[in-house]
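# Dropping the sequence and predicted coords here.
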Amino acid sequence: MMSRHSAFYTPLLTCVAALREEGHEVTYGVLGRGQRGYAILRDGQADILQSAVSSNWPPREQGIEPLPVHFAQINQRDGFFIVGRGPEPEFRWQNLEGKTLLADHGLQPLLMLKYALHHNGVDWNRIKLVNAGTRDQMEEAYRTGVADYAHFQAPIMGGELVVPIGASVPPVAFSSLCCAREYQKTAAYGRFLETYARTREWSRTAPAGEIAAKESSFFPDIPTALLTRAIARYQSLGCWEGGTEITRDLYEQALSVFQSAGAIAWRHRYEEVVG
């Protein structure tokens, strides 16, 4: 089960494709509005969820148990981009001040955006933020001229990419795979993890065109050339560098981002979330 559907999660998509090619039955879906990932896993409606270590922190502060264990890294860079109305080869982050920005208001993307702006010397209060809703609603709003800039994951369907957020802030535990702790005791978990380690490394090193061909069935409405460019961008950003381990330093950086925004009450221990 996915929290979002995007080429940003290519290592997982190629893993699903590889398992299916090997004859395993693997279902794939995206969380619906109002669904909670921890409840999906707790109730056995899915075995593995694409999420983020940060997804454990708010429910933990509410006393909700059991919560998933995060066991493998997907991305160690933010996967969003600032998109403009035209090319800006001399773009500076301060160009956003006094402008309207159509921003993804998911909790982690928005906090990472706020952190990136502060990290690059931009006054958050001098930007007019617009919340248009879902990715599709954001794309429609941007097409109709709602904002000067937009905040999208790749592939970028309209506008000009002016700056990748992931290249402008430190590496971070951005997205990961999690499951119920009991599932880690199963043979299926071991088989999945072995395949995922292999496809994640392949996604990091293989030609983007080959990867796009492998996962094109997940994106029937996206032209292959556009999907290829999206994958190449994520490779060049280093989103899939490193191994499958969620390292402590990346976890602590994610905590720092959330703490800087006042979004968590305390720094949650690594061992409580990662295993």
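Cool, the structure landed.
# show me the contacts for residue 50.
1, 2, 3, 4, 9, 12, 74, 175, 176, 177 (Cβ atoms under 8 Å, 6 or more residues apart in numbering). Where you see a C-beta, it was placed from the backbone N, CA and C, and this is true even at glycine.
# which residues sit in contact with the nearest residue to it once chain neighbours are set aside?
Leaving aside its chain neighbours, residue 50 sits nearest to residue 2 (4.6 Å; criterion: Cβ to Cβ, 6 or more residues apart in numbering). Residues near residue 2 by Cβ under 8 Å, 6+ apart: 9, 12, 28, 29, 30, 31, 49, 50.
# Repeat that for residue 166.
Counting by Cβ under 8 Å, 6+ apart, the residues that residue 166 touches are 77, 78, 79, 80, 237, 238, 239.
# State the pLDDT value of it.
Here the pLDDT value assigned to residue 166 is 95.
# Check residue 196 too.
98.
# for the helix or strand harbouring it, packing partners?
Assigning secondary structure by DSSP states H and E places residue 196 in helix 187-205. If you count contacts as 3 or more Cβ pairs under 8 Å, 6 or more residues apart in numbering; DSSP states H and E, helix 187-205 packs onto helix 10-21, strand 69-75, helix 224-237.
# In PyMOL, how would I select just the buried ones from the contacts of residue 166?
Of the contacts of residue 166, the buried ones go into a single PyMOL selection, burial set by 16 or more other Cβ atoms under 10 Å:
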select buried, resi 77+78+79+80+237+239
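# neighbours around the residue lying closest to residue 240 once chain neighbours are set aside, how many?
Nearest residue to residue 240, sequence neighbours excluded (Cβ to Cβ, 6+ apart): residue 204, at 4.3 Å. Residue 204 has 17 neighbouring residues, counting by other Cβ atoms under 10 Å.
# got it, and residue 269?
Residue 269: 11 neighbours (other Cβ under 10 Å).
# Show the contacting residues for it.
Per Cβ under 8 Å, 6+ apart, neighbours of residue 269: none.
# separation between it and residue 66?
Here the criterion is Cβ to Cβ, to the nearest Å. By it, residue 269 lies 16 Å from residue 66.
# what comes up buried for stretch 237-257?
237, 239, 240, 244, 246, 247, 250, 251, 253, 254, 255, 257.
# sorry, that was for stretch 59-67
Quick answer for stretch 59-67 (16+ other Cβ under 10 Å): 59, 60, 67.
# same deal with stretch 52-60?
Residues of stretch 52-60 classed as buried by neighbour count (16+ other Cβ under 10 Å): 52, 53, 54, 55, 56, 57, 59, 60.
# Is it possible to get these out as TSV so that each row also shows secondary structure?
TSV is the format used below for the buried residues of stretch 52-60 (DSSP: H, G, I helix; E, B strand; the rest coil):
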residue	secondary structure
52	coil
53	helix
54	helix
55	helix
56	helix
57	helix
59	helix
60	helix
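# Could you dump the residues you listed into JSON lines with pLDDT and distance to residue 183 added?
Listed next are those as JSON lines, based on pLDDT from 0 to 100; distance: Cβ to Cβ, whole Å:
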{"residue": "52", "pLDDT": "98", "distance to residue 183": "18"}
{"residue": "53", "pLDDT": "98", "distance to residue 183": "17"}
{"residue": "54", "pLDDT": "98", "distance to residue 183": "21"}
{"residue": "55", "pLDDT": "97", "distance to residue 183": "17"}
{"residue": "56", "pLDDT": "98", "distance to residue 183": "16"}
{"residue": "57", "pLDDT": "98", "distance to residue 183": "21"}
{"residue": "59", "pLDDT": "97", "distance to residue 183": "18"}
{"residue": "60", "pLDDT": "97", "distance to residue 183": "19"}
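# Kindly indicate which of those residues lies nearest residue 156.
Set against residue 156, the nearest of those by Cβ to Cβ is residue 52 (21.9 Å).
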